[in-house]
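**Q** Give me coordinates for this.
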Amino acid sequence: AGCLGLFLFMIYFPLDFYRGYVLQHRLGLSVQTLGGYIIDALKGLLVAGAIAIPLTVVLYALIVRVETWWIPAAVGSAALILVLTVLGPVVIAPLFNTFTKLPESPLRGKIVSMARESGMTVEDVYVMDASRRTRGGNAYVTGLGRTKRIVLYDTLLRDMTFEEAVSVVAHELGHWNRKHLWIQIWLAAGSSLAGFAAAGILLRMVSNREWFGIARPDDPAGLPFLLLVGMVLSLAVLPVDRSLSRTMERQADWSSLLIAGDNEG
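**A** Now for the predicted structure:
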């Protein structure tokens, strides 16, 4: 699993590098150094490996022991999404950025007030040191339960007016107000079940015919095949996924006008 992941990383790296470094600099959006980009890429590889390799072991343990393994696999996938949503802000995100609390200010007061009106109780508003990578200004809502927080890019504070910054945050609160996070979690759980079921059927079909050197469903030689099935299915549903994403963004835009109450901003 580790070797396959490293191989895929190397295959995709040229395209990722062009998209994430070359193109961003050409458009004047990125200020990240080449060394910084490579360090981020290696950190991402290590984090992905630390999560994916143990999960692969668990997956094959299920395939060995449970005939309808795709059902617990899908349930586990949904649980993993929840765990990563909760732990991501406090475990993974600090590996890539530094976060500091936004001091008491009119902007912080306005953000907390808007969050409360949107049905979100938030204790902390954080500032992220995005300026060491990008010139773009943004904000986002992350976490669940006690890890729930609002995060602002430092570039947002540096380059935008008070009204503009409020509107950006109001858009992100619009996602929360319309429960987009939970919609995405449920859709991910459903698509995981369908994807694992399709993969299970295809894996059994392939192993029965001993194609690609796969002798049985729990043969680790089938891992590349499983990944290929997952990639093809992801590509197939991508238009629907993007259409849903655009719908959610438009909904959040409308919500931001209501939450911030400032059309000019």
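
**Q** mean confidence for the host helix or strand of Tyr37?
**A** Secondary structure from DSSP states H and E places Tyr37 in helix 34-65. The average pLDDT for helix 34-65 rounds to 94.

**Q** ok, and for it, which residues are buried?
**A** The neighbour-count criterion (16 or more other Cβ atoms under 10 Å) identifies Tyr37, Asp40, Ala41, Thr56, Leu59, Tyr60, Leu62, Ile63 as the buried residues of helix 34-65. For glycine as for every other residue, the C-beta is placed from the backbone atoms N, C-alpha and C.

**Q** Closest to Gly195 out of the residues you listed?
**A** Lowest distance from Gly195 to these (Cβ to Cβ) belongs to Leu59, with 12.6 Å.

**Q** Against Tyr126, how distant is the closest one?
**A** Separation of Leu59 from Tyr126 (Cβ to Cβ, to the nearest Å): 35 Å.

**Q** Next: Arg209.
**A** Taking Cβ to Cβ, one finds Arg209 at 54 Å from Tyr126.

**Q** higher neighbour count, the two?
**A** The residue with more neighbours, out of Arg209 and Tyr126, is Tyr126; 18 against 9, by other Cβ atoms under 10 Å.

**Q** Am I right that that one is in a strand?
**A** Yes - according to DSSP: H, G, I helix; E, B strand; the rest coil, Tyr126 belongs to a strand.

**Q** Setting aside sequence neighbours, what's the nearest residue to Tyr60?
**A** Asp218 (6.0 Å; Cβ to Cβ, 6 or more residues apart in numbering).

**Q** Can you tell me the SS state at the one you found?
**A** Asp218 ends up coil, using three-state DSSP.

**Q** Just confirm it contacts Leu59, I think it does.
**A** No - look at Asp218 against Leu59 with Cβ atoms under 8 Å: they stay out of range, at 9.9 Å.

**Q** quick one, phi psi at the residue with the largest distance to the centre of the chain?
**A** Largest separation from the mean C-alpha position in the chain: Arg209, at 37.0 Å (Cα atoms, centre = their mean). Torsion angles at Arg209 (phi, psi; degrees, to the nearest 10) stand at phi -100, psi 0.

**Q** Can you give me the distance of it to Leu203?
**A** 11 Å.

**Q** same check, this time on Trp182
**A** From Trp182 across to Leu203, the span is 31 Å (Cβ to Cβ).

**Q** cool, and Val47?
**A** 27 Å.

**Q** which residues of the stretch 1-150 of the chain fall in strands?
**A** Assigned by DSSP state E, counting those that start in this stretch, the stretch 1-150 of the chain shows strands spanning 99-101, 125-128, 139-142, 149-153.

**Q** Make a markdown table from those strands and add mean pLDDT and distance to Ala194 to it.
**A** Converted to a markdown table, these look like this (pLDDT from 0 to 100; distance: least, Cβ to Cβ, whole Å):
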| stretch | mean pLDDT | distance to Ala194 |
| --- | --- | --- |
| strand 99-101 | 94 | 36 |
| strand 125-128 | 94 | 35 |
| strand 139-142 | 90 | 27 |
| strand 149-153 | 93 | 32 |
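
**Q** Most tightly packed of those?
**A** strand 149-153 (a mean of 24; mean count of other Cβ atoms under 10 Å).

**Q** about what we covered before: who does the helix holding Tyr37 touch, helix- and strand-wise?
**A** Other helices and strands packing on helix 34-65, by 3 or more Cβ pairs under 8 Å, 6 or more residues apart in numbering; DSSP states H and E, are helix 2-17, helix 70-87.
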